[in-house]
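Engineer: Pasting a predicted model and its sequence here:
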Amino acid sequence: MLSITQIKEGLNYLGITERGTILDILNARDENYIWEEEQKEIARTKEGYEDRFKVPQGGTQKFYTILNKETTGIINDLKQFVRQNPQSLFIPSELSGYIEKNKTIKSVLKFHGKSGNNKGNLEKAKLYPINKIIELRGGFAKRCIWHSPDKDQITPSLKYYPKSNTVYCFSCAEKHDVLDVAMKMYNLTLPEAINKLST
């Protein structure tokens, strides 16, 4: 199904730009509907954009190999762009983000290479209780390690769920497992976090 933005772009391409006509075509009685859909799409795009430097967890060696190849391609394209446009201010920060991502991918691949999928250690690490890493009171942490890492919150928002061994912050909507928590708290890569929690 086409998104509202895609439909509007198609109509604009056909020369249909009058808002009333577009609303009639979309059978939308309320302009707010169009506005809300556009805002949702912008939010989804922004979320994907902000996540572009994150390395997904729990993938197979094949997944990380493909991701490494894609990231290396992006890095090479950005380097080429910088060579051709040395005055560009935005691209160097983009490039450094992808270089850091690639380093993380390579460390994950190195870890996979040493120990295969290392499923035993991974499963063992996932069972390590989060409440041994973060101090909890009444099922809540004093602070969210993502949006309030340096100070205690007046109203704690990071909730611990023992059954799934995960945490969720009601303030910044971050949901993570024990590996994410260990990586954040101890500044570790995924392989390092697995090693730390499984020994």
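Structural biologist: Cool, got the structure.
Engineer: What are the structural domain limits within this structure?
Structural biologist: Domain assignment for the chain by automatic domain parsing gives 4-51, 54-115, 124-198.
Engineer: Redo those domains as TSV? Include mean neighbour count and mean pLDDT.
Structural biologist: (Glycine included, C-beta is placed from N, CA and C.) Formatted as TSV, the domains of the chain follow (neighbours: other Cβ atoms under 10 Å; pLDDT from 0 to 100):
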stretch	mean neighbour count	mean pLDDT
domain 4-51	12	69
domain 54-115	14	79
domain 124-198	16	87
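Engineer: Three-state assignment for the most centrally placed residue in the chain, please.
Structural biologist: The residue lying closest to the centre of the chain (Cα atoms, centre = their mean) is residue 51, at 3.7 Å. Secondary structure state of residue 51, per DSSP: H, G, I helix; E, B strand; the rest coil, is helix.
Engineer: repeat for the one 4 residues further on
Structural biologist: Three states are possible here, and by three-state DSSP the one that applies to residue 55 is coil.
Engineer: From residue 63, how far out is it?
Structural biologist: Separation of residue 55 from residue 63 (Cβ to Cβ, to the nearest Å): 10 Å.
Engineer: Please, where are all the helices along this protein?
Structural biologist: Along the chain, counting by DSSP state H, helices occupy 4-13, 19-25, 31-50, 61-84, 90-115, 119-126, 178-186, 190-198.
Engineer: Put the alpha carbons of the shortest one into CSV.
Structural biologist: Listed next in CSV are the C-alpha coordinates belonging to helix 19-25 (Å, rounded to 0.1, in the frame of the first residue of the first chain):
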residue,chain,number,x,y,z
ARG,A,19,-4.8,20.8,-1.8
GLY,A,20,-8.6,20.5,-2.2
THR,A,21,-8.2,18.2,-5.2
ILE,A,22,-5.7,16.0,-3.5
LEU,A,23,-8.0,15.7,-0.5
ASP,A,24,-10.9,14.8,-2.8
ILE,A,25,-8.8,12.1,-4.5
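Engineer: helices and strands around that helix, which ones?
Structural biologist: Secondary-structure packing of helix 19-25 (3 or more Cβ pairs under 8 Å, 6 or more residues apart in numbering; DSSP states H and E): helix 4-13, helix 31-50.
Engineer: OK, contacts around residue 182?
Structural biologist: 128, 133, 188, 193, 196, 197 (Cβ atoms under 8 Å, 6 or more residues apart in numbering).
Engineer: does the first one really touch residue 178, like I thought?
Structural biologist: Yes. When contacts are counted by Cβ atoms under 8 Å, residue 128 is listed as touching residue 178 (5.3 Å).
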